[in-house]
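K.L.:
this one's structure only:
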């Protein structure tokens with residue numbers, strides 16, 4: 001009897017802690033919302049230290065609001081994106097908070113994976129609220145992404161994959177039109193799959209199958225991990241770098257039958273072996289490293305660490321066996337990342353680092369992924385059974 005009471009009290013305490021965490025995180029996201037002119041919806045300020053809204057962050061916030069049953073806030077963000085959609089269905093990578101964009105003046109930066117996240121967010125909204133308000137908007141995004149799925153041949157296999165971007169971005173060291181990134185193909189695979197599922201739409205069934213084939217072709221049965229992608233022109237897999245998200249997001253995105261074709265626990269342990277970091281009294285993961293030399297920058301990336309956490313939780317449930325990483329459990333990592341909370345209540349994007357594109361500023365991505373991890377909610381899935 002005493003044991004039962006203690007268990008119940010523990011569950012109540014856990015629930016109360018989760019509720020408090022949710023309130024703080026959602027409050028921070030809401031503090032970042034900025035209304036567009038003429039009542040055209042809202043955008044969200046991605047980082048505390050500059051005034052842009054990345055569409056990936058918009059999508060994360062929509063999914064978090066949807067999971068929280070805050071339809072009004074999710075609707076505001078989707079309305080903002082809908083008002084900015086280009087004629088062909090695409091969206092630029094980021095916008096200023098007044099709805100203008102650094103693009104195309106600074107280049108035609110339209111990144112496929114980020115658009116796929118917006119499509120996934122719109123599907124979450126439709127599924128949760130039984131609303132078709134953004135159905136046409138979503139269909140236009142996916143119709144555009146369909147045009148970016150083209151033939152590719154790797155390891156002697158003729159496949160199809162999503163192109164990184166429709167044009168080369170001059171500010172990067174690689175040609176986006178030649179890259180099929182695993183991460184982006186995962187995003188698109190899930191976006192097409194869930195839209196098809198809830199709308200009973202069969203027009204993209206072939207693309208879903210082809211994207212799955214490409215994803216599994218990036219699995220290395222010898223090294224027991226996923227590679228980051230492949231080149232269309234050179235017909236080869238990129239094996240020069242190892243990325244955190246390639247393992248965690250693959251495990252979160254793939255269904256159980258697909259996971260049976262690989263070794264999920266091995267993939268998670270590769271992240272532990274290559275990317276685990278202890279810094280500033282915290283434990284977490286950095287984003288990537290070269291395969292043949294030590295990492296040039298070691299830091300803890302909140303978003304990526306929390307993606308690893310959710311993947312650990314998923315495989316734990318699937319295989320009914322606990323997963324730890326260098327002695328750290330998934331809840332140990334959550335406790336570490338909670339310590340990255342900033343004065344505004346948001347989660348810092350990373351610990352201090354000089355690596356380009358990473359900042360210690362309070363971020364939408366860190367905050368949203370903390371919300372997902374605290375609630376054991378996989379944003380790649382649509383189950384809202386609670």
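P.N.:
Perfect, thanks for sending it. Just so it is clear, the model here is predicted, and its values are computed rather than measured. Numbers count the residues shown, from 1 in each chain.
K.L.:
show the subsequent helix or strand relative to the lowest-mean-pLDDT helix or strand in the chain.
P.N.:
In the chain, the helix or strand scored least confidently by mean pLDDT, DSSP states H and E is helix 2-31, which has a mean of 65. With elements assigned by DSSP states H and E, the helix or strand that comes after helix 2-31 is strand 33-35.
K.L.:
pLDDT of that following strand, averaged?
P.N.:
Mean pLDDT, strand 33-35: 97.
K.L.:
give the next helix or strand downstream of that strand.
P.N.:
Following strand 33-35 in sequence, per DSSP H and E, is strand 42-44.
K.L.:
can you list the domain ranges for this protein.
P.N.:
33-239, 246-373 (automatic domain parsing).
K.L.:
how about the helices in the stretch 1-150 of the chain?
P.N.:
2-31, 55-67, 71-84, 112-129, 135-146 (DSSP state H, counting those that start in this stretch).
K.L.:
quick check: closest non-adjacent residue to residue 152.
P.N.:
Counting by C-beta to C-beta, 6 or more residues apart in numbering, residue 161 is the residue found nearest to residue 152 once chain neighbours are left out, at 4.7 Å. Placement of C-beta: from N, CA and C, glycine included.
K.L.:
and the one you found, helix, strand or coil?
P.N.:
strand (DSSP: H, G, I helix; E, B strand; the rest coil).
K.L.:
check contacts around it.
P.N.:
149, 150, 152, 180, 185, 210, 211, 214, 230, 232 (C-beta atoms under 8 Å, 6 or more residues apart in numbering).
K.L.:
gap between residue 332 and residue 349?
P.N.:
Going from residue 332 to residue 349 by C-beta to C-beta, to the nearest Å gives 20 Å.
K.L.:
who has more neighbours out of these two?
P.N.:
Legend: neighbour count by other C-beta atoms under 10 Å for residue 332 and residue 349, higher for residue 349 (28 against 15).
K.L.:
count the neighbours of the residue nearest to that one when sequence neighbours are not counted for me.
P.N.:
Distances taken as C-beta to C-beta, 6+ apart put residue 363 closest to residue 349, at 3.8 Å, once the chain neighbours are dropped. Residue 363 has 30 neighbours, counted by other C-beta under 10 Å.
K.L.:
which ones are touching residue 363?
P.N.:
Residue 363 makes contacts with 46, 47, 48, 57, 302, 303, 346, 347, 348, 349, as judged by C-beta under 8 Å, 6+ apart.
K.L.:
the closest residue to residue 122 other than its chain neighbours: neighbour count?
P.N.:
Closest residue in space to residue 122, ignoring its immediate chain neighbours: residue 138 at 3.9 Å, by C-beta to C-beta, 6+ apart. Look at residue 138: counted by other C-beta under 10 Å, it has 25 neighbours.
K.L.:
what do you get for residue 257?
P.N.:
8.
K.L.:
now do residue 379
P.N.:
As a burial measure, residue 379 scores 25 neighbours (other C-beta under 10 Å).
K.L.:
you'd agree it is up against residue 372?
P.N.:
Yes - counting by C-beta atoms under 8 Å, residue 379 does reach residue 372; the two are 5.6 Å apart.
K.L.:
need the overlap of contacts for the two.
P.N.:
Joint contacts of residue 379 and residue 372 (C-beta under 8 Å, 6+ apart) are residue 63.
K.L.:
I'd say residue 122 and residue 137 touch.
P.N.:
Yes - with contact defined as C-beta under 8 Å, residue 122 and residue 137 form a contacting pair (6.3 Å).
K.L.:
neighbour count: these two, which is higher?
P.N.:
Neighbour comparison, residue 122 and residue 137: the larger count goes to residue 122, with 31 against 18 (by other C-beta under 10 Å).
K.L.:
read off the pLDDT value for that one.
P.N.:
On pLDDT, residue 122 comes in at 98.
K.L.:
ok, residue 217 to residue 286 distance?
P.N.:
When distance is defined by C-beta to C-beta, residue 217 is 26 Å away from residue 286.
K.L.:
looking at these two, which is more packed in?
P.N.:
residue 286 (25 against 21).
K.L.:
how close does residue 114 get to residue 145?
P.N.:
If you go by C-beta to C-beta, the gap between residue 114 and residue 145 works out to 11 Å.
K.L.:
now do residue 195
P.N.:
With C-beta to C-beta as the criterion, residue 195 and residue 145 are 11 Å apart.
K.L.:
need the overlap of contacts for those two.
P.N.:
Counting by C-beta under 8 Å, 6+ apart, the contacts common to residue 195 and residue 145 are residue 119.
K.L.:
sorry, back to before: show me which of residue 114 and residue 145 is the more surrounded one.
P.N.:
Neighbour count, other C-beta under 10 Å: between residue 114 and residue 145, residue 145 has more, with 25 against 22.
K.L.:
hmm, the more buried one is touching residue 113, no?
P.N.:
No - between residue 145 and residue 113 there is no contact under C-beta under 8 Å: 9.6 Å.
K.L.:
common neighbours of those two, please.
P.N.:
Shared contacts of residue 145 and residue 113, defined by C-beta under 8 Å, 6+ apart, are found at 162, 188.
K.L.:
rewinding a little: okay, the helices of the stretch 1-150 of the chain in TSV with distance to residue 240 next?
P.N.:
What follows is the helices of the stretch 1-150 of the chain, written out as TSV (distance: least, C-beta to C-beta, whole Å):
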stretch	distance to residue 240
helix 2-31	36
helix 55-67	24
helix 71-84	34
helix 112-129	20
helix 135-146	27
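K.L.:
ranking those helices by burial, who's on top?
P.N.:
Each of the helices of the stretch 1-150 of the chain was scored by mean neighbour count; the highest is helix 55-67, a mean of 27, by mean count of other C-beta atoms under 10 Å.
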